[in-house]
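*Asks:* Based on what follows, work out the 3D shape:
(chains A and B)
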2 protein chains.
Amino acid sequence: MYKVKVYVTLRENVLDPQGNAVKGALHSLNYREVQDVRIGKFMELIVEKSDRDIDTIVKEMCEKLLANTVIEDYRYEIEEVVVQ
Amino acid sequence: MYKVKVYVTLRENVLDPQGNAVKGALHSLNYREVQDVRIGKFMELIVEKSDRDIDTIVKEMCEKLLANTVIEDYRYEIEEVVVQ
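*Replies:* Now for the predicted structure:
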């Protein structure tokens, strides 16, 4: 069994209106130290072992569904977990 | 200057309809190995140094705005960055 963590973030040059909105809200709560906020997705998947290579599967899932590669970057971490 | 990474995830006992929807979509793309999907938020903040303690500020921001602590857990990583 594998535990996969996927981080999907907007590319640097892509505007982040949601991040700007959160920054504005933090400023109104008097956290003026905050210079920038970028918001992305964090996904945790539990994936069963199979005859397919786990890295290939995860990369494909990111490319096909989990990230919009036109405007988003993704990275992932794969951890093998022992099932009791 | 600090770079802060915040991870907000639904609590274990909270239903994740979005995660279930993504799991269904992955299954329809023939990734049947996927057993579970949990979706959360990943935020990157740039925070200027001030006289306030950075850990206190980040914890307060999470508690007040970035996470809904009734149904979400949060964790964060603080990294000091040198500005050229």
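
*Asks:* per-residue pLDDT, residue A:84?
*Replies:* Predicted confidence (pLDDT) for residue A:84: 66.

*Asks:* for residue A:65, same thing?
*Replies:* 97.

*Asks:* Which helix or strand contains the nearest residue to residue A:36 once chain neighbours are set aside?
*Replies:* Residue nearest to residue A:36 in three dimensions, not counting chain neighbours: residue B:46, with 4.2 Å by C-beta to C-beta, 6 or more residues apart in numbering or on different chains. C-beta here means a position set from N, CA and C on the backbone, and glycine is covered the same way. Residue B:46 is located in strand B:34-47, with elements delineated by DSSP states H and E.

*Asks:* which other helices and strands contact that strand?
*Replies:* Under the contact definition 3 or more C-beta pairs under 8 Å, 6 or more residues apart in numbering or on different chains; DSSP states H and E, strand B:34-47 sits against strand A:2-10, strand A:34-47, strand B:2-10, helix B:17-28, helix B:54-61.

*Asks:* Please produce a markdown table containing these, extended by distance to residue A:56 and mean neighbour count.
*Replies:* Shown next, in a markdown table, are these (distance: least, C-beta to C-beta, whole Å; neighbours: other C-beta atoms under 10 Å in any protein chain shown):
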| stretch | distance to residue A:56 | mean neighbour count |
| --- | --- | --- |
| strand A:2-10 | 12 | 19 |
| strand A:34-47 | 12 | 20 |
| strand B:2-10 | 26 | 19 |
| helix B:17-28 | 14 | 15 |
| helix B:54-61 | 37 | 17 |
